[in-house]
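> only geometry, no sequence info:
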């Protein structure tokens, strides 16, 4: 069951239950918040939006509003959460009330969606009043892809009380008839935060005019991470190869992130080790390791490990292209220890990998030294990681043809 | 630099699938490949993956083409992803027509019924990568039929990540190993699965390879008449697929060291 949890992460019901016991545990801790929920909420939306994925293509689209007026941007900006404690992030997120309605994702011309889109395009928080049909309820507080969420319910009335501040660049790109891919890249190159692009993508602001769709939040997060990292990787492939070994270490809240950059052409691997007592291995007695990889040509299939694959790939691609200016074989490992029993969303991976690359690397001159660092810094140790990691195993076990060339033998 | 100017290239090959398999397989590892065309020698595609674990060398002599018009030697550098996309619907009933003026390249699929589909791509400017000449001492030689080898590989690929090739005085066995178990195929002359076999001079030899690199072979072997496997202790393997009209695909894969 434990390895099933790592693959399922509360979304596929692989254990046969109709609910996820792991998510339920997280949920129970926050039920008390429900007591403070009223039927009308007036506040500044960061802006925040949520598009559910159940019953797709009839999706639940909702706007997130806190009971506060002012600069609430931080409540829906994962890029600025890296220095906050998880408690603070949860507090922000659970203060957001999500009011919405079920609409067809293929027909995003619904007037409610139109007004919601205006709010989402705003760079600054927008004052909004939401009147719920009945008291909103907490459903899934946390998820493996999307950030934690507060109470939600069907909306009766939705009023925009201040003018959305939409930057001209955003307005122009949304008005243009660009493909969703090109529009997302254009926004990214203009310095728009990834989480903002993901929201625009979700509420059908991007894409060819007649083909725009509402995209469930969890899909849009992964889609944007993939689009942007694909673009960066295509540019990385033109860079010279790294000629040394670099190891990055980052410890945070019962998590250890490790990045190993090896000399060679671009290839990438993301691996997670869930220790007993961590969220996707709550009831297990052994460490469960899962991961996915790609060689130079990329992948054809969606990685079984889920959206964190592309979130980490984006972060490593940003570092290789913008800072290191080298292509490399990037192997990213994560150990999740007992006590980290909350599914927080893939932003946690993206932002922590970005944070890791802001630190100075340990430079090694041989692969043996890299393995020594891995032995020293990780709980699992080098031997276990090498056994689990395809790219590490390749680097150690596969010889190169150059060793058999005429030149090498002279 | 790869690329050329003002050339006239026009040839027609009987089975478009060969090109589809080779270009699609190479696209897994490379962005660009150089197709060398020569008025007398025909066409050659020689490429190495960026990790330098696999080398692919496809030679198609002039005589293998239904039509062959090339006015001078040239290298046509092609974006592999686009070329693989253009050829992804090529079937065994399609002939392939390739045309180039040195600036662009056109792949045409001509079906048995005469339906023609043409895909024109720009040629790309790319620096030619130096591919080392290998010096290998491979004493073990086994020859089998293409479809038999293709079937074995397609099963082995599903079973594991590592391929162990073991040569004994009597037989050659291919074993795929994974955490869940292993599958073994034994080829021998007595069972009729080997056409010819030159065993190791003393004892037995086992060499391991990463199965991932056998993907092109698994596809191309289906359409090849014979497959020749050459091995040596701790050496790369050389696998030669003999194709229609003397075309030859030779693949070298570096060994694993456990």
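Yes, it's here. None of the values given here were measured: they were computed from a predicted structure. Numbering: from 1, shown residues only, chains lettered A, B, ... in the order given.

> please make it C-alpha for all contacts and neighbour counts, starting now.
Noted.

> distance of residue A:282 from residue A:334?
17 Å (C-alpha to C-alpha, to the nearest Å).

> what average pLDDT does stretch A:360-368 get?
Confidence over stretch A:360-368 (mean pLDDT, whole number) is 96.

> how far does that stretch sit from its chain's centre?
28 Å (C-alpha atoms, centre = their mean, to the nearest Å).

> for it, measure first residue to last.
End to end - C-alpha to C-alpha - stretch A:360-368 spans 20 Å.

> buried ones in that stretch?
Buried residues in stretch A:360-368, counted by 16 or more other C-alpha atoms under 10 Å in any protein chain shown: A:361, A:364, A:367.

> ok now stretch B:195-213, how far from the chain's centre?
Put simply, stretch B:195-213 sits 19 Å off its chain's centre (C-alpha atoms, centre = their mean).

> ok so, going back, now, which of the buried residues of stretch A:360-368 sits nearest chain B?
Proximity of the buried residues of stretch A:360-368 to chain B, judged by C-alpha to the nearest C-alpha, is greatest for residue A:367, which lies at 14.7 Å.

> isn't residue B:236 right next to residue B:251, touching?
No. The criterion here is C-alpha atoms under 8 Å, and residue B:236 misses it with residue B:251 at 9.7 Å.

> more neighbours, the two?
residue B:236 (29 against 24; other C-alpha atoms under 10 Å in any protein chain shown).

> residues touching that one, list them.
A:401, B:136, B:252, B:253, B:254, B:255 (C-alpha atoms under 8 Å, 6 or more residues apart in numbering or on different chains).

> hmm, try it at 7 Å
For residue B:236, the contacting residues are B:252, B:253, B:254, B:255, by C-alpha atoms under 7 Å, 6 or more residues apart in numbering or on different chains.

> that one and residue B:257, how far apart?
Plainly put, residue B:236 is 11 Å away from residue B:257 if you go by C-alpha to C-alpha.

> now the residue in the stretch 151-258 of chain B positioned nearest to chain A: closest residue in space, sequence neighbours ignored.
Across the stretch 151-258 of chain B, the shortest distance to chain A (C-alpha to the nearest C-alpha) belongs to residue B:256, at 4.2 Å. Spatially, and ignoring its direct neighbours in sequence, residue B:256 is nearest to residue A:398 (4.2 Å; C-alpha to C-alpha, 6 or more residues apart in numbering or on different chains).

> what is the neighbour count of that neighbour?
Using other C-alpha under 10 Å, residue A:398 has 22 neighbouring residues.

> before we move on, what's the pLDDT of it?
What the model reports as pLDDT for residue A:398 is 88.

> cool, and the one 5 residues further on?
You'll see residue A:403 listed with a pLDDT of 87.

> how about residue A:99, what does it touch?
Per C-alpha under 7 Å, 6+ apart, neighbours of residue A:99: A:62, A:63, A:64, A:130, A:132, A:152, A:153, A:154, A:155.

> also residue A:317?
Listed by C-alpha under 7 Å, 6+ apart, the contact set of residue A:317 reads A:229, A:232, A:233.

> nearest to chain A: which residue in the stretch 51-200 of chain B?
As assessed by C-alpha to the nearest C-alpha, chain A sits closest to residue B:134 within the stretch 51-200 of chain B, at 4.1 Å.

> and that residue, what are its bridge partners?
Residue B:134 forms beta bridges with residue A:405, as assigned by DSSP bridges.

> correct me if wrong: it contacts residue A:404.
Yes. At 5.7 Å, residue B:134 counts as touching residue A:404 under the criterion of C-alpha atoms under 7 Å.

> okay, residue 1: pLDDT?
I went with chain A, as the question did not name one. Reported pLDDT for residue A:1: 46.

> I was thinking of chain B, sorry if that wasn't clear
Per-residue pLDDT puts residue B:1 at 42.

> ok, now the one 5 residues further on?
The predicted local distance difference test score for residue B:6 is 77.

> please apply the same query to residue A:161.
You'll see residue A:161 listed with a pLDDT of 93.

> which phi and psi does it have?
Recorded main-chain torsions at residue A:161 are phi -110, psi -10, according to degrees, to the nearest 10.

> show me the contacts for it.
Residue A:161 sits next to A:127, A:128 when contact means C-alpha under 7 Å, 6+ apart.

> for it, give its distance to residue A:61.
In terms of C-alpha to C-alpha, residue A:161 sits 20 Å off from residue A:61.

> repeat that for residue A:313.
Here residue A:313 is placed at a distance of 28 Å from residue A:61 (C-alpha to C-alpha).

> near chain B, which residues of the stretch 151-300 of chain A show up?
Residues of the stretch 151-300 of chain A found near chain B (C-alpha under 7 Å from any C-alpha of the partner chain) are A:264, A:265, A:296, A:297.

> burial of the third one, as a residue count?
As a burial measure, residue A:296 scores 21 neighbours (other C-alpha under 10 Å).

> where do the helices sit along the stretch 1-150 of chain B?
For the stretch 1-150 of chain B, applying DSSP state H, counting those that start in this stretch gives helices covering B:16-27, B:80-87, B:146-159.

> among these, which is the most enclosed?
Most buried of those by mean neighbour count (mean count of other C-alpha atoms under 10 Å in any protein chain shown) is helix B:16-27; its value is a mean of 23.

> distance from the chain centre to it, please.
Put simply, helix B:16-27 sits 8 Å off its chain's centre (C-alpha atoms, centre = their mean).

> repeat that for stretch B:180-195.
In this view, stretch B:180-195 has its centroid 22 Å away from the chain centroid, taken as C-alpha atoms, centre = their mean.

> quick check: mean pLDDT across that stretch?
For stretch B:180-195, mean pLDDT rounds to 91.
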